[in-house]
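>>> Can you look at this prediction? I've put the sequence above it.
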Amino acid sequence: MNEHERGLADTPPGAGQDPFAPFPAAGQRPWVPPNPEPDENIRHSLFGEILDWMLAPLLLLWPMSIAITYLVAKSIANQPFDDALEDRVTVLSQQIRTVAGRPVVQLPGSATDVLRADDVDSVYFQISGPDGAHLDGDRDLPRPRNGMFEEGAHGGAVLFRNDNIHGTPVRVAYSWVNLDPLRTRPMGTPPSLALVQVAETLDKRAHLANEIIKGVILPQFIILPVILALVWFALSRGLSPLAELQERIRARPQDDLSPIDPRQVPEEISPLVGSFNDMLERLAQTVEMQKRFIADAAHQMKTPLAGMRMQSELALRQVDPDEIHRSLEQLAKSSESATRLVNQLLALARAENQPHAGLAFEDIDLAQLARATVQDWVQASFAHGIDLGYESPDAPSQETLHIAGNALMLRELLSNLIDNALRYTPQGGSVTVRVRRDGEHALLEVEDTGPGIAPSERANVFERFYRILGSNVQGSGLGLAIVREIAQQHGAEIDIFNNPRSHSSKYPGSLFRLTFPPPVHEPIDAD
């Protein structure tokens, strides 16, 4: 069954709460928000960032371009010299004859001189018979590594390879010449092939490749600075709208929070301008809220201050001790009312600015918080002649009911609900604070036996400084506005009903119910 507790403690209302908590006490340093990130992580120049991302690939690709150009130049330089080597191999292949079944080279001496004639490179040739016997030319020229079994050897095609002779790299063109293409040989007998090779060193090829590279690379040394200058100029022109936008914003008056026309900026920064306009709109709302708060505070403070001044002047003019005492009592009541108004104004300002304070929610036991808050108001309930009680959750397993929130703000919320209930409940009535669970949601209820709130007035009572006509209860009309602000910050829904336990038609009572969302539990990494 529900546990109903009455008269929990002799603690004055509001004990342990500091209405001036957002403001530093005397001698304390004001709170300074931490720097969100170190300076070294902040990018200071969009121009430099874009320039880096444009020039870094360019400077990276330039050496790659030189390497590719060198390879292409070597390929271009090799082609004409390979064609000349192929012609020489073809001429030598035509000089081989078969006499009495043996290969013979019919190459005049002048032809050999012409074959070796070269002012730059050294030219070598070699003709070998089918059995590898040397027929003519240079004996030191190495034979192909794959011999006559490589692809294209039997077709008489001219093949190419890179090799070395006397430690010098050479380019070799060679061909296998079939000496008996018309002779019928037994099946499985290999053909009689002679090897013809012509090789030359690579000096002319390297010289031509270097000339090609010079013709391609040297202009790039002239074009590259021009490209850098054009990129610099293009970036300067492209980012000039940002500089113009900056000047327009700086030229604005300090109180001008009107949005920037997105049609006057480039399409690429329209989203940025849109976000900036959203920020200006929120800032304008904040400024307007502050102005409204200051105006409301000035208007509401005017009455109690004027009353205090009038009572003090009246006390100064009185000579009768009873009249002076009566004036001082009124002055004390006015000062108490003014103090309460100031405290509620500060609490409302603190609640409205809570989302910007950067205070993270924590895990809170709602039942324990409600019990402690009710204890703070027991003495005030005695003064009003009202029975103030607290009902814990139904099941013993629900004695602890956790939500995510800010304890200071929630105590302020519940204190305002209790204070509102005590003020409107007639003497001899009762006020009950109840905490219970409804599925995954935590419920906080404050129930009274007062005159109740008409359904048509329930949406208006949360407005600031709104008072129900004919209530005849002293107050500022800020308590429920504070409750609404704090409830919205905690994602809680607040509803007002008639008290289902009241059976009086004159005093149907009120039931304020706050429904809190279930707390989000973050997964814990297990080591």
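Perfect, thanks for sending it.

>>> Just the mean pLDDT for the lengthiest strand in the chain, thanks.
Once the chain is assigned using DSSP state E, the strand that runs over the most residues is strand 168-178. Mean pLDDT, strand 168-178: 89.

>>> So which elements touch that strand?
With contacts defined as 3 or more CB pairs under 8 Å, 6 or more residues apart in numbering; DSSP states H and E, strand 168-178 has these neighbours: helix 46-93, strand 159-165, strand 193-201. In this view, the C-beta of every residue, glycine as well, is placed from N, C-alpha and C.

>>> 10 Å instead, please
helix 46-93, strand 123-128, strand 159-165, strand 193-201, helix 203-238 (3 or more CB pairs under 10 Å, 6 or more residues apart in numbering; DSSP states H and E).

>>> In stretch 242-255, which of the residues would be classed as buried?
Buried residues in stretch 242-255, counted by 16 or more other CB atoms under 10 Å: 242, 245.

>>> pLDDT on that stretch, on average?
On average, stretch 242-255 scores 83.

>>> got a list of contacts for that stretch?
Stretch 242-255 is contacted from outside by 46-47, 236, 256, 258, 260-261, 264-266, 268-269, 272-273, 276, 284, 287, using CB atoms under 10 Å, 6 or more residues apart in numbering.

>>> could you redo the last one with a cut-off of 8 Å?
46, 260, 265, 269, 273 (CB atoms under 8 Å, 6 or more residues apart in numbering).

>>> Distance from the one helix or strand the last one maps to to the middle of the chain?
To tie it back to what came earlier, the one meant is V273. Using DSSP states H and E, V273 sits in helix 270-317. Relative to its parent chain, helix 270-317 has a centroid offset of 36 Å by CA atoms, centre = their mean, to the nearest Å.

>>> name the helices or strands packed onto it?
Looks like helix 270-317 contacts helix 321-352 (3+ CB pairs under 8 Å, 6+ apart).

>>> swap the cut-off to 10 Å and go again
Other elements packing on helix 270-317 under the criterion 3+ CB pairs under 10 Å, 6+ apart are helix 240-250, helix 321-352.

>>> Throw the ones you listed into CSV and include distance to P219, thanks.
Putting those into CSV (distance: least, CB to CB, whole Å) gives the following:
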stretch, distance to P219
helix 240-250, 31
helix 321-352, 68
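
>>> re earlier: how much does the helix holding V273 deviate in direction from helix 240-250?
Going by axes from the mean of the first three to the mean of the last three CA atoms, to 10 degrees, helix 270-317 is angled at 10 degrees with respect to helix 240-250.

>>> If you average the pLDDT over stretch 209-221, what comes out?
pLDDT averaged over stretch 209-221 gives 80.

>>> How about it, which residues are buried there?
For stretch 209-221, a neighbour-count test (16+ other CB under 10 Å) marks 209, 212-213 as buried.

>>> ok, now stretch 372-388?
372-381, 384, 386-388.

>>> separation between the closest residue to G307 other than its chain neighbours and P321?
The shortest distance from G307 to any non-neighbouring residue, by CB to CB, 6 or more residues apart in numbering, is to S334 (4.6 Å). According to CB to CB, to the nearest Å, S334 stands 20 Å off from P321.

>>> The two: which is more packed in?
With neighbours defined as other CB atoms under 10 Å, S334 and P321 compare such that S334 has more, 20 against 8.

>>> if I read this right, the more buried one contacts R309, doesn't it?
Yes - when contacts are counted by CB atoms under 10 Å, S334 is listed as touching R309 (9.2 Å).

>>> Wait, a strand at S504?
No - residue state for S504 (DSSP: H, G, I helix; E, B strand; the rest coil) corresponds to coil; a strand is not indicated.

>>> That one - nearest residue in space that isn't next to it in sequence?
T449 (7.3 Å).

>>> Torsion angles phi and psi at that neighbour?
Main-chain torsions, T449, degrees, to the nearest 10: phi -120, psi 40.

>>> same check, this time on the one 3 residues further on
Geometry field for G452 lists phi and psi as phi 80, psi 180, criterion degrees, to the nearest 10.

>>> distance of R309 from A487?
Distance, R309 to A487, using CB to CB: 37 Å.

>>> more neighbours, these two?
For R309 versus A487, neighbours defined as other CB under 10 Å are more numerous around A487 (21 against 12).

>>> Can you tell me the SS state at the more buried one?
Classification of A487 by three-state DSSP places it in helix.

>>> quick one on the thing from earlier: burial count for the residue nearest to S504?
Count around T449 with other CB under 10 Å applied: 25.

>>> and it, what is it in contact with?
Applying CB under 10 Å, 6+ apart, we find T449 in contact with 386-387, 421, 424-426, 428-432, 499, 501-504, 507-510.

>>> before we move on, what about L283?
Residues counted as contacts of L283 (CB under 10 Å, 6+ apart) are L257.

>>> What of M308?
Counted by CB under 10 Å, 6+ apart, M308 has contacts 330-335, 337-338.

>>> redo that, cut-off 8 Å
M308 sits next to 331, 334-335, 338 when contact means CB under 8 Å, 6+ apart.

>>> what's the answer for D387, then?
By CB under 8 Å, 6+ apart, the residues touching D387 are 6, 381, 429-431.

>>> Looking at the residues you listed, which are in helices?
Counted as lying in helices by DSSP state H, out of the contacts of D387, are S381.

>>> May I see the PyMOL selection of the buried members of the contacts of T449?
Command for PyMOL that selects the buried part of those, burial taken from 16+ other CB under 10 Å:
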select buried, resi 386+387+421+424+425+429+430+431+432+499+502+507+508+509+510
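
>>> Pull the residues that contact stretch 60-75.
Here stretch 60-75 makes contact (CB under 8 Å, 6+ apart) with 205, 208-210, 212-213, 216-217, 220, 224.
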